[in-house]
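Novice: Here is my input, please return the structure:
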Amino acid sequence: MRNEDRARLALKLGYGLVPIVAGADKFSNLLVDWEKYLSPQVERALPVPGRTFMKLVGLVEMVAGGLVLSRRTRFGAWLVAGWLGAIAANLVLDRDWDIAARDALLAVGAAALALMSGREKIRASLPRPVAQRAPPEGMAAVFH
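Specialist: Here you go, the predicted model:
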């Protein structure tokens, strides 16, 4: 396995499993009291209580993680990147600069996974350079 493939696999596992675990924990709060990270400005603007919103967040995170682990890695990784960017923005509103910076960097990593995951499809669809093509058959081979 090439190093690029190992890196993609590590990112895929990380950005797949962690959102699933964090999303599931939004229902139990065993690891963290997630509501404390919800900005008061955001909570006031919500049409539902903060607890309900965090459960919805958990569902989105679990779906995004599942997509990253599935054959829809590219789409799931872009979803995770956008979601982490939104989380970072929420944390900035609450002046949690250190956690916001961490989540912003995690968003960049998820975007990198999305970009890496699109390469194999693009690469497979491009024509091979002339030097890598098989020699022509028949009469054309005589003049090649």
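Novice: Flag the shaky bits of the chain, pLDDT-wise.
Specialist: 119-144 (pLDDT under 70).
Novice: And the helices in it?
Specialist: Here the chain has its helices, by DSSP state H, at 3-25, 40-45, 50-69, 73-93, 97-125, 139-143.
Novice: could you dump those helices to CSV with mean neighbour count and distance to residue 31?
Specialist: Any C-beta I mention is one placed from the backbone N, CA and C, and that applies to glycine too. Listed next are the helices of the chain as CSV, based on neighbours: other Cβ atoms under 10 Å; distance: least, Cβ to Cβ, whole Å:
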stretch, mean neighbour count, distance to residue 31
helix 3-25, 16, 5
helix 40-45, 11, 21
helix 50-69, 18, 12
helix 73-93, 20, 16
helix 97-125, 15, 15
helix 139-143, 8, 66
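Novice: For the ones you listed, give me a markdown table that also has distance to residue 32.
Specialist: Shown next, in a markdown table, are the helices of the chain (distance: least, Cβ to Cβ, whole Å):
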| stretch | distance to residue 32 |
| --- | --- |
| helix 3-25 | 7 |
| helix 40-45 | 17 |
| helix 50-69 | 10 |
| helix 73-93 | 13 |
| helix 97-125 | 11 |
| helix 139-143 | 67 |
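Novice: nearest to residue 34, of those helices?
Specialist: helix 50-69 (5.0 Å; Cβ to Cβ).
Novice: That closest one to helix 3-25, inter-axis angle?
Specialist: For helix 50-69 against helix 3-25, the angle by axes from the mean of the first three to the mean of the last three Cα atoms, to 10 degrees is 150 degrees.
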